[in-house]
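okay, structure incoming, though there's no sequence with it:
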């Protein structure tokens, strides 16, 4: 599968603690309205052609979590082949 690398970064703050762990996932699912499983990725990541939704999950030292999603779209441009013999 061809694709293109993309660099991304999210940020998170916590009122009670300076330690916030950020993790990113693709191919994730939701259970009871909360992200449950997914394939971990890191930046930069090579995304395949098409649109991929990325989950950014922030976890503080007490285990509290917050998340958001963003999409990355990779477009395929057709190759132009010329024949100089014509």
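Received the coordinates, thanks. Note that the structure is predicted; figures quoted are calculated from it, not measured.

buried set for the helix or strand in which residue 55 is found?
Here residue 55 sits within strand 50-60, counting by DSSP states H and E. Of the residues in strand 50-60, those buried by neighbour count under the rule 16 or more other CB atoms under 10 Å are 52, 54, 55, 56, 57, 58, 59, 60. The C-beta positions use only the backbone N, C-alpha and C, and glycine is treated the same way.

strand partners (parallel or antiparallel) of it?
When pairing is defined by DSSP bridges, strand 50-60 lines up against strand 20-31 (antiparallel), strand 65-74 (antiparallel).

packing partners of the helix or strand of the chain with the lowest mean pLDDT?
For the chain, using mean pLDDT, DSSP states H and E, the weakest element among its helices and strands is strand 3-6, scoring a mean of 87. Where contact means 3 or more CB pairs under 8 Å, 6 or more residues apart in numbering; DSSP states H and E, strand 3-6 is packed against strand 45-48, strand 65-74.

residues contacting the residue nearest in space to the middle of the chain?
Per CA atoms, centre = their mean, the C-alpha nearest to the average position across the chain is that of residue 54, at 3.2 Å. When contacts are counted by CB atoms under 8 Å, 6 or more residues apart in numbering, residue 54 touches 8, 24, 25, 26, 41, 69, 70, 71, 72.

please indicate which of those are buried?
The neighbour count (16+ other CB under 10 Å) marks 24, 25, 26, 41, 72 as buried among the contacts of residue 54.

check the gap between residue 75 and residue 57 for me.
Going from residue 75 to residue 57 by CB to CB, to the nearest Å gives 27 Å.

how about residue 37?
Noted for residue 37: a distance of 12 Å to residue 57, by CB to CB.

residue 80 now?
Taking CB to CB as the measure, residue 80 falls 42 Å from residue 57.

quick one, what contacts residue 59?
Contacts for residue 59 (CB under 8 Å, 6+ apart) come out as 20, 21, 23, 65.

who does residue 73 bridge with?
Residues in beta-bridge contact with residue 73 (DSSP bridges): residue 51.

ok, the contacts of residue 59 vs residue 32, which is closest?
residue 65 (13.4 Å; CB to CB).

contacts only, for residue 28.
The contact partners of residue 28, taken as CB under 8 Å, 6+ apart, are 35, 36, 37, 38, 39, 53, 55.
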